[in-house]
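Undergrad: give me a model of this one.
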Amino acid sequence: MKSKYSRGVALCLIATVSWGGMFPVMTSALRHIDPFTFTCMRYGIAGLIFLVLLAMTEGRTSLKVRGERMGLAFFFGAVGFAGFQFLVFLGQQKLGAEGALLASVMMATMPMLGFLVNWVVRRVVPPRAALGFIMLSFFGITLVVTKGDFVALFNQPQDFTADIMIILGALCWVVYTYGASYFPTWSPVRYTTVTTVLGVFSAVGITAVLLVTGVVAVPGPAAVVEVSPELAYMSLAAAVVGVLAWNLGNKILTPLNGVLFMDVVPMTSFIVSAALGVLPSLFQLIGAIITAGALVLNNLYLRRAATRTTLAAEPAAPVDEGRPLAVSAPR
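TA: Residues are numbered from 1 along each chain as shown. The predicted structure follows:
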């Protein structure tokens with residue numbers, strides 16, 4: 001049991017470390033190409049790899065999905081691979097040079113958003129202490145976004161449109177992660193493959209409308225060549241390895257525990273960004289520490305509460321006071 005849990009932890013760490021690197025990588029890519037076209041190319045490549053992987057591991061019959069809640073799978077695929085990618089990376093692009101840092105830190109809102117989704121969908125009300133930790137983590141995020149200037153939230157609210165987009169994108173990924181629980185008979189590889197392919201269809205449809213209407217300029221061949229190194233990382237490391245490891249890890253740990261590992265994303269992104277010369281401010285560092293600390297404390301609290309509940313539910317072993325306890329001989 002312990003080894004299985006450790007495997008789940010390792011898989012979630014692999015996913016979040018790969019995602020921590022993707023925000024600085026996207027800073028470079030977004031200088032040459034729009035996030036919509038890039039997402040279509042990225043998950044077009046990843047989707048093909050997932051299809052091959054599914055056929056190899058579960059056979060070609062696993063590719064047949066007739067009568068298996070495809071509408072719901074399409075919804076989760078669209079939310080996870082079009083909603084998350086478009087909102088987060090468009091928001092990062094609007095934020096400019098420090099977009100990678102801000103976007104990565106706001107991924108730490110996922111545990112908080114996970115509690116809210118669990119509350120709405122399953123009517124599970126978080127304990128008061130958990131709500132307190134959630135509010136503390138939200139305070140940390142606000143500190144990062146405003147750099148300590150809270151008055152700016154009210155004086156210049158339009159400047160935070162990109163931040164709101166990124167948080168909505170984070171919510172999309174939380175919904176996608178919880179979506180796996182609606183397909184209990186599917187393996188993580190199958191859920192990843194089916195939702196990725198369906199998500200690509202939705203992303204391509206939205207992007208086609210944006211390109212045809214002129215909202216987004218059609219990227220030229222030179223732009224595609226320019227972002228080929230970033231595309232390779234985002235397709236193979238962040239998408240294939242990251243998404244598959246994430247779904248495998250959450251299958252073991254459950255989404256409520258899995259999303260806590262999103263705290264690793266800003267840590268990795270901070271290190272990579274600092275190596276590239278983009279340093280966070282003091283208030284941003286303090287805010288990130290507060291957010292991470294609140295979520296760690298929240299996790300410890302929930303684990304202790306769960307242990308107490310389990311111990312209280314275990315029936316006491318009956319004791320016959322008239323007879324001595326039997327001691328079995330060693331074998």
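Undergrad: excluding its backbone neighbours, what's nearest residue 280?
TA: Beyond its immediate neighbours in the sequence, the residue positioned closest to residue 280 (C-beta to C-beta, 6 or more residues apart in numbering) is residue 101, lying 5.5 Å away. Heads up, the C-betas are built off the backbone N, CA and C, glycines and all.
Undergrad: wait, that neighbour sits on residue 272?
TA: No. If you go by C-beta atoms under 8 Å, residue 101 and residue 272 don't touch, sitting 9.9 Å apart.
Undergrad: find residues that contact each of these two.
TA: With contacts taken as C-beta atoms under 8 Å, 6 or more residues apart in numbering, the residues that reach both residue 101 and residue 272 are residue 23.
Undergrad: now the end-to-end length of stretch 91-110.
TA: Distance between the boundary residues of stretch 91-110 (C-alpha to C-alpha, to the nearest Å) amounts to 16 Å.
Undergrad: give the buried residues for that stretch.
TA: By neighbour count with 16 or more other C-beta atoms under 10 Å, stretch 91-110 contains the buried residues 91-93, 95, 98-110.
Undergrad: what mean pLDDT does that stretch have?
TA: Confidence over stretch 91-110 (mean pLDDT, whole number) is 82.
Undergrad: coming back round to it: hmm, who's touching the helix or strand where the residue nearest to residue 280 lies?
TA: When elements are defined using DSSP states H and E, residue 101 is found to belong to helix 99-106. The set of residues that contact helix 99-106 without belonging to it, under C-beta under 8 Å, 6+ apart, is 20, 23-24, 26-27, 30, 88-89, 91-93, 95, 141, 144-145, 162-163, 166-167, 170, 265-266, 268-270, 273, 278, 280, 284, 287-288, 291.
Undergrad: what of stretch 189-204?
TA: Contacts for stretch 189-204 (C-beta under 8 Å, 6+ apart): 36, 39-40, 43-44, 46-47, 50-51, 53-54, 57-58, 62, 65, 70, 73-74, 76-78, 80-82, 85-86, 176, 179-180, 183, 186, 243-244, 247-248.
Undergrad: can you do 6 Å?
TA: By C-beta atoms under 6 Å, 6 or more residues apart in numbering, the list of residues contacting stretch 189-204 from outside reads 39-40, 43-44, 47, 50, 54, 57, 62, 73-74, 76-78, 80-82, 180, 183, 243-244, 247.
Undergrad: same thing with stretch 168-180?
TA: With C-beta under 6 Å, 6+ apart as the criterion, stretch 168-180 contacts 76, 79-80, 83-84, 87-88, 107, 109-110, 113-114, 117, 191, 250, 255.
Undergrad: spatially, which two of those are the most separated?
TA: The widest separation within those, taken as C-beta to C-beta, falls between 109 and 191 and amounts to 23.5 Å.
Undergrad: show me what contacts residue 270?
TA: Contact analysis of residue 270 by C-beta under 6 Å, 6+ apart lists nothing.
Undergrad: please identify the buried residues of the helix or strand hosting it?
TA: Under the assignment given by DSSP H and E, the secondary-structure element containing residue 270 is helix 264-275. Within helix 264-275, the residues that qualify as buried are 264-270, 272-273, counting by 16+ other C-beta under 10 Å.
Undergrad: which one among the residues you listed gets closest to residue 224?
TA: For those, the residue nearest residue 224 by C-beta to C-beta is residue 272; the value is 23.8 Å.
Undergrad: surely the closest one and residue 24 touch.
TA: Yes. Between residue 272 and residue 24 there is a contact under C-beta atoms under 6 Å: 4.4 Å.
Undergrad: show me the longest helix that occurs in the protein.
TA: helix 282-313 (DSSP state H).
Undergrad: next one, pLDDT for residue 321 please.
TA: In this model, residue 321 is scored at 46, pLDDT.
Undergrad: go on, residue 181?
TA: As summarised for this prediction, residue 181 has a pLDDT of 89.
Undergrad: could you give the number of residues near it?
TA: Counted with other C-beta atoms under 10 Å, residues neighbouring residue 181 total 14.
Undergrad: so it versus residue 134, what's the distance?
TA: 21 Å (C-beta to C-beta, to the nearest Å).
Undergrad: do residue 269 as well
TA: Taken as C-beta to C-beta, the span from residue 269 to residue 134 is 22 Å.
Undergrad: picking that back up, helix 282-313 and the helix holding residue 101, what's the angle between them?
TA: For the pair helix 99-106 and helix 282-313, the angle between their directions (axes from the mean of the first three to the mean of the last three C-alpha atoms, to 10 degrees) equals 20 degrees.
Undergrad: which residues does the helix or strand following helix 99-106 contact?
TA: Under the assignment DSSP H and E, the closest C-terminal helix or strand after helix 99-106 is helix 110-122. Contacts of helix 110-122 from elsewhere in the structure, counted by C-beta under 6 Å, 6+ apart, are 124, 126, 134, 137, 170-171, 174, 178, 256, 259-260, 262, 295.
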